[in-house]
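Chemist: what's the 3D shape of this:
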Amino acid sequence: MRFPLPALAFVLAAWAISATAQTAAGIGPLTLSDALRLAEGASPAVRAREAQLAAAEGSRREAQSFLFNNPELSVERTRRRALAPTGSASEWGVGIAQPIELGGQQTRRREAASASLEALRAEIEDARRQVRAEASQRFHAVLAAQRRLRLEQRSVELFDSSAQAVAKRRSAGEDTRLDANVALIEAERARNALAVSQEHLHDAKAELATTLQLPPSAVPDVIGELSVPGSAPLPYGLDQLLASAQALPKQRALAAREDAARARVGVERASRYPDLTVGLNVGREGAGDGRERVTTLTLSVPLPLFRRNDAAIGQALSDASQAEIERTAASRDGQANVRRLWSRLESQRERVARLQRAMVAASADNQQLAAKSRQAGQIGLLDQLLVNRQALDAERDLNDALAEFHATRIELENAAGWSQEGTAR
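Modeler: Below you'll find the model as predicted:
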């Protein structure tokens, strides 16, 4: 059996598009570890920082050279035309000159280059941490949106079944038109809430796709659950978080930037001392029968009478002071931020436990009691709908509280330098 060529081309193109989509989306569902790995590997911020490594490493290699200034080679040739019968003569000379720094600038320059490279590496590590924290936030937002969607789907099923039951009872003359309208309104409200939750889930997936640098259609299914904080304490305490915050990559980067700025102050201060230029010249001079070989050693030093490098020293001192202020402020603000987030996390942890222990459990019990009472004719439709609505609202409040708890937890762990998996660094 032979296939037409256009049909075969269409089949091959469709297979190629499907294979490309599967490659972009990855194989299998997306876990938290997969999201962190993809976000870190595709982050433009991390890649931009890594692109600066070549410049920093080049500066360090240049600072590690034996001398900072290159030697200067000079060649001259002179043609002398004399009026005497001896005629003309050619003279030539070759010279080399090397400036030598006398103030120790080279040592300070190497310290500044090494500190700048160390700061850049710490900033790259900090950028990776920020990307991982953002990916974790987006991932848990998708989990919360998926949990809310399942809740709203259950709400639609519950109120639809109630509306259908009321419609049958009204046909039989057991319920009033008011009861039927109330049940219908509750069913439509549930469908509207379901549509809103679907929109929120779509937005959350789009934000996750942006973090992963993927098109929204290429994001695979996200699997996982919002863990409920139990009665067990958190795997870290406030003192541990405060100690960990002191070793943040951002703090190391600011400290290295300060060291580099102070080393540059030393370079500019040492530049007040003039450089010594040592030169050696070799040449031939004189007429043909009286030519002489001349060797000259020169030493030259500029006199620092008018220019004392004050502007460069002042700028370097300003940069060093600014770097110190930024490091001190970042350390102080980091400690305050950790304490603030810790207090909020403890409050949200207690709120989640209270919702789960009291309101959600009581609402679920009320649903069962209301269903039995409704069948026994002890309560009316409005009472049962009120109980169902309270139960669903309790689960919505618990879902929102869980989402806020995990958002605060991730922010706290990022502010304290704790890993996004909740274990020690």
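Chemist: can you pull out the helices in the stretch 101-250 of the chain?
Modeler: Counting by DSSP state H, counting those that start in this stretch, the stretch 101-250 of the chain has helices at residues 105-171, 177-212, 238-245, 249-270.
Chemist: what's the closest of those to S59?
Modeler: Closest of those to S59 is helix 105-171, at 4.8 Å (criterion: Cβ to Cβ). C-betas here are computed from N, CA, C, even on glycine.
Chemist: related to what we said a few turns ago, format the helices of the stretch 101-250 of the chain as a markdown table; extra columns: mean pLDDT, distance to E326 and mean neighbour count.
Modeler: As requested, these are arranged in a markdown table below (pLDDT from 0 to 100; distance: least, Cβ to Cβ, whole Å; neighbours: other Cβ atoms under 10 Å):
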| stretch | mean pLDDT | distance to E326 | mean neighbour count |
| --- | --- | --- | --- |
| helix 105-171 | 91 | 12 | 19 |
| helix 177-212 | 89 | 27 | 17 |
| helix 238-245 | 91 | 16 | 16 |
| helix 249-270 | 94 | 6 | 21 |
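Chemist: Identify whichever of the ones you listed lies nearest to A312.
Modeler: With Cβ to Cβ, the closest approach to A312 among the helices of the stretch 101-250 of the chain belongs to helix 249-270: 4.4 Å.
Chemist: can you give me the angle the closest one makes with helix 105-171?
Modeler: With axes from the mean of the first three to the mean of the last three Cα atoms, to 10 degrees applied, the angle from helix 249-270 to helix 105-171 works out at 160 degrees.
Chemist: thinking again about what came up before, mind checking the helices of the stretch 101-250 of the chain for the one nearest to V278?
Modeler: Nearest of the helices of the stretch 101-250 of the chain to V278, taken as Cβ to Cβ: helix 105-171 at 16.0 Å.
Chemist: who does the closest one touch, helix- and strand-wise?
Modeler: helix 32-42, helix 44-51, helix 53-63, helix 177-212, helix 249-270, helix 381-416 (3 or more Cβ pairs under 8 Å, 6 or more residues apart in numbering; DSSP states H and E).
Chemist: got the ones you listed as TSV, with distance to N309 columns?
Modeler: Formatted as TSV, the helices and strands packed on helix 105-171 follow (distance: least, Cβ to Cβ, whole Å):
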stretch	distance to N309
helix 32-42	44
helix 44-51	32
helix 53-63	19
helix 177-212	48
helix 249-270	6
helix 381-416	42
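Chemist: so what does whichever strand in the chain runs longest touch, helix or strand wise?
Modeler: For the chain, the strand with the greatest residue count under DSSP state E is strand 88-100. With contacts taken as 3+ Cβ pairs under 8 Å, 6+ apart, strand 88-100 sits against strand 72-81, strand 276-285, strand 292-300.
Chemist: quick one, the helix or strand following the shortest one and helix 238-245 angle?
Modeler: It refers to strand 292-300. Tracing the chain C-terminally past strand 292-300 and defining elements by DSSP states H and E, one meets helix 310-354 next. Orientation check (the same axes, to 10 degrees): helix 310-354 against helix 238-245 gives 150 degrees.
Chemist: just checking, next helix/strand downstream of helix 310-354?
Modeler: Next helix or strand after helix 310-354 toward the C-terminus (DSSP H and E): helix 361-375.
Chemist: Quick one: mean pLDDT for that next one?
Modeler: In this model, helix 361-375 carries a mean pLDDT of 74.
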